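[1] Need the 3D shape of this:
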Amino acid sequence: MNITPRMKQIFQSLLNETDPVSVKNLAEKIGVSKRTVQRELEYTSSSLKGYDITFMSKTGVGVWLEGTEDEKQRLREALSEKDDYDVGNRELRRKKLILELLREKGLKKLFYYSSRFKVSEATISSDLEAAETWLKQYGLNINRKPGSGISVEGSEEDYRRAIRVFVNENIDTRVLREAYEAESEPERYAGLKKSNIGQILNDNIMSRVMDCITGMNHDRMLNLTENSYVGLVIHISIAINRILKNEVLDTTPPWVEEMEEDEDLCLARAIVHELEEEFEIQIPKIEVSYICLHIKGAKHEKLQWKGTDGKESENRELHQIVNEMIDAFDPEKSWALKQDEEFLQGLLAHLQPTLVRLNHGMQIRNPVLDEICSGYPDIYKKCIQVGKILEKWTGKSVPPEEIGFLTVHFGAAIVRMKNRKEQLRKVQIGVICSSGIGISRLMSSKLERVFKDRVQLTAYGKKDITPYITSKTDFFVSSISTEITDVPVIYVNPLLNEEDMEKIRRNVYQYERIPEKQRKADQVTLQLEEINLVAAQINLVIKYMEFIKTDENISFEELLIAVSERLSPYSDRQELIREDIMKRERISSQIFAEFGFALLHTRTKGVVRPGFHVCMTRNLDSFRDPYFKGIKVVFVMLAPVDDNLRINNEILGHISSTLIEDFHFLDVILRGEKEEIRDELSRCLKQYFNKYILTRT
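    As a prediction, the model looks like this:
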């Protein structure tokens, strides 16, 4: 039950009334302003979820709760449940007081706080002094007006910054990560509704913000690290919360005018467009700039260099800073560190958003800082010197959280230096998610970038794991629970945060130094059978590829009908194909305007073999229906529901990767010649098969 203390007072007061009561009288009863009550009443519907009670309001009459007496009694009992708040815990009480002050800037009487926390007004007065010390760090002050009450004063920008810091310092954001990785809608936000962060920032707003971000399917958003994703969600949720309360940013910092037109600013505008449609509000331009700043300050999994349009000097400056940082870390090891290309690229990618954060006073959360400090004290100490180089360049102090992230980069480079002196082998890692297509490939891509040729990665679905697979795998990395007991499993968040990566690094380091597993005698036979199966499945994909031409004005639903009718002569299977594609499309759109195509992929009982199919208009122009976002080609990749899930997913996954990475493949397809497309598909799958043979034998 997500009800604020003030909402609790409102409900308790209304439950005691037999007739409608005016908002003014209601405000007087609970000791707050009429405007404050009006604001709270905006959220009554979400607070009453789970109860067959309706909040009623009629101009000139008043407000009241309508429902059966049994339901009202159930609500009374829920409101009277004992709070686990310990009145004697001063530290906790003061944190709760700061939270109350941050919830609402408006005037409140001292008596409100003393009754809320069940202490005397003298104790609350002392607590307010402690709270003010914390608030002043962020430019906020407590204004005491005799006879009127207490209010928080300061700029809206400082107010939001204080909320953000309070959340980072005191609130467990794990539910945001759980919401991101949940597979179904009910699971996604169940924990958020019960969590303390959901109560502070409004779980309804946060869930809708997350839907907007993930629903865009933008590669920059999908490429965010876990901490950066959580940080962006919190920032936007705070902003939306404040805008809905008519609290807008009141100053325009000078850097806003200097913000250049680039892909980050375009992405920020796209996000704001989605938010405006979702919340039916007008978002000021200043908010676009702040979202853009967060995107620039976010950590991404890969570095995107822009060597033209005046960016060369910026890149040279970054390289100069990196060189100085490495020299400051350890002059004796600096030459060797500068030869580590993986380390240099990782540090450069980390440095770009770090400078944005430092220059604009943006904070970042490091959930494993304590473990880093205790596990790598010598490297952390050296990285303090590295931080001084950043202080020299930016003129801003570098917080411990940033030093911790630098320690991870330098620590990994030092480990690699030691490894090069030893006899090492390639580590076999299995990456598991529910299907083997989506999340596991996302994780595999990140692990491949980090570990490169140190590991052999294979993506599996949950049902793919066989004795043969476990026999040749050193350890598994999984985003879901498994029943594997004879091989180590590292359970991780799909976004692979720093803590997860550290566990994987330790395992890779360990298995690199021990002999490979002894294989059983009959494994050669099993391998040959699997190779034959892969060859057969590839042959099916090539042989039964369909090239479908349609009218340029066709709708998405009509396209699904055309596809299903071509792929199966049976009406029941046609319906299954349409339903399963549409079900996947509702989760998140598979139309990628940035790539110029749609990639409709799913597993369905409507087909009996894996298939790759191409749909284009008869004149090879773009589809005109706005739903297609101007694309020219729709790819349909379907896998049957059978025992060959892993192999089918690998084959189809290789095709989808080639479509993105090999421009020649897409160019051939856009020419619209069926046999040319089939030849190019054969070439693509021949590459996959050759790679498959090399890695399996």
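[2] ranges for the helices of the stretch 51-200 of the chain?
    69-79, 90-103, 110-117, 121-136, 156-170, 174-181, 185-194, 196-201 (DSSP state H, counting those that start in this stretch).
[3] tell me, which of the ones you listed is the model least confident about?
    Mean pLDDT is lowest for helix 185-194 among those, at a mean of 56.
[4] Mind checking the pLDDT average for the helix or strand S564 falls within?
    For S564, the element it lies in under DSSP states H and E is helix 556-567. In this model, helix 556-567 carries a mean pLDDT of 93.
[5] tell me what that helix is packed against?
    If you count contacts as 3 or more Cβ pairs under 8 Å, 6 or more residues apart in numbering; DSSP states H and E, helix 556-567 packs onto strand 547-550, helix 571-587, strand 611-617, strand 633-640. Just so you know, the C-beta spots here come from the backbone N, C-alpha and C atoms, and that holds for glycine as well.
[6] give me that answer again for 6 Å
    helix 571-587 (3 or more Cβ pairs under 6 Å, 6 or more residues apart in numbering; DSSP states H and E).
[7] Can you get me the start-to-end distance on stretch 332-345?
    Using Cα to Cα, to the nearest Å, the end-to-end distance of stretch 332-345 comes out at 21 Å.
[8] Extract the C-alpha trace of stretch 473-485 and format it as PDB.
    Extracted C-alpha coordinates of stretch 473-485, given in PDB (Å, rounded to 0.1, in the frame of the first residue of the first chain):
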ATOM      1  CA  THR A 473      31.900 -25.300 -20.200                       C
ATOM      2  CA  ASP A 474      34.100 -23.800 -17.500                       C
ATOM      3  CA  PHE A 475      31.300 -21.700 -16.000                       C
ATOM      4  CA  PHE A 476      28.000 -20.100 -16.900                       C
ATOM      5  CA  VAL A 477      26.800 -16.500 -16.600                       C
ATOM      6  CA  SER A 478      23.100 -16.300 -16.200                       C
ATOM      7  CA  SER A 479      20.400 -13.600 -15.800                       C
ATOM      8  CA  ILE A 480      17.800 -16.200 -14.600                       C
ATOM      9  CA  SER A 481      17.600 -19.000 -12.100                       C
ATOM     10  CA  THR A 482      18.800 -22.400 -13.400                       C
ATOM     11  CA  GLU A 483      19.000 -26.000 -12.100                       C
ATOM     12  CA  ILE A 484      22.700 -26.400 -13.100                       C
ATOM     13  CA  THR A 485      24.700 -28.000 -10.200                       C
END
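[9] biggest helix in the protein by residues?
    helix 674-696 (DSSP state H).
[10] Could I have the CA atoms of that helix written out in PDB?
    This file holds the C-alpha atoms of helix 674-696, laid out as PDB (Å, rounded to 0.1, in the frame of the first residue of the first chain):
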ATOM      1  CA  LYS A 674      15.300 -13.000 -54.800                       C
ATOM      2  CA  GLU A 675      18.100 -15.200 -56.000                       C
ATOM      3  CA  GLU A 676      20.700 -12.600 -55.200                       C
ATOM      4  CA  ILE A 677      19.300 -12.400 -51.700                       C
ATOM      5  CA  ARG A 678      19.400 -16.200 -51.400                       C
ATOM      6  CA  ASP A 679      23.100 -16.200 -52.600                       C
ATOM      7  CA  GLU A 680      24.000 -13.500 -50.100                       C
ATOM      8  CA  LEU A 681      22.200 -15.500 -47.300                       C
ATOM      9  CA  SER A 682      24.200 -18.600 -48.300                       C
ATOM     10  CA  ARG A 683      27.400 -16.600 -48.000                       C
ATOM     11  CA  CYS A 684      26.400 -15.300 -44.600                       C
ATOM     12  CA  LEU A 685      25.500 -18.700 -43.200                       C
ATOM     13  CA  LYS A 686      28.600 -20.300 -44.700                       C
ATOM     14  CA  GLN A 687      30.600 -17.800 -42.600                       C
ATOM     15  CA  TYR A 688      28.700 -18.900 -39.600                       C
ATOM     16  CA  PHE A 689      29.200 -22.600 -40.300                       C
ATOM     17  CA  ASN A 690      32.900 -22.200 -40.800                       C
ATOM     18  CA  LYS A 691      33.200 -20.300 -37.500                       C
ATOM     19  CA  TYR A 692      31.000 -22.900 -35.800                       C
ATOM     20  CA  ILE A 693      33.300 -25.700 -36.900                       C
ATOM     21  CA  LEU A 694      36.400 -23.900 -35.700                       C
ATOM     22  CA  THR A 695      35.000 -23.200 -32.300                       C
ATOM     23  CA  ARG A 696      33.400 -26.600 -31.700                       C
END
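[11] Name the residues that touch it?
    534, 538, 542, 545, 547, 614, 654, 658, 665, 668-669 (Cβ atoms under 6 Å, 6 or more residues apart in numbering).
[12] Make CSV from those and add neighbour count to it.
    Shown next, in CSV, are the contacts of helix 674-696 (neighbours: other Cβ atoms under 10 Å):
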residue, neighbour count
V534, 21
I538, 22
I542, 15
M545, 16
F547, 17
V614, 21
H654, 18
T658, 19
F665, 18
V668, 17
I669, 21
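[13] So which of those are in helices?
    Going by DSSP H, the helices hold 534, 538, 542, 654, 658, 665, 668-669 from the contacts of helix 674-696.
[14] quick one, helices of the stretch 301-450 of the chain?
    Using DSSP H, counting those that start in this stretch, helices in the stretch 301-450 of the chain cover 312-329, 334-337, 341-359, 369-375, 377-394, 400-419, 439-451.
[15] Rebuild these as CSV, extending it with mean pLDDT, mean neighbour count and distance to I53.
    As requested, the helices of the stretch 301-450 of the chain are exported to CSV (pLDDT from 0 to 100; neighbours: other Cβ atoms under 10 Å; distance: least, Cβ to Cβ, whole Å):
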stretch, mean pLDDT, mean neighbour count, distance to I53
helix 312-329, 78, 16, 59
helix 334-337, 78, 16, 65
helix 341-359, 79, 19, 46
helix 369-375, 81, 15, 45
helix 377-394, 90, 17, 54
helix 400-419, 83, 19, 45
helix 439-451, 79, 20, 40
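[16] Can you lay out these as a markdown table showing distance to S57?
    Shown next, in a markdown table, are the helices of the stretch 301-450 of the chain (distance: least, Cβ to Cβ, whole Å):
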| stretch | distance to S57 |
| --- | --- |
| helix 312-329 | 56 |
| helix 334-337 | 66 |
| helix 341-359 | 45 |
| helix 369-375 | 48 |
| helix 377-394 | 52 |
| helix 400-419 | 46 |
| helix 439-451 | 45 |
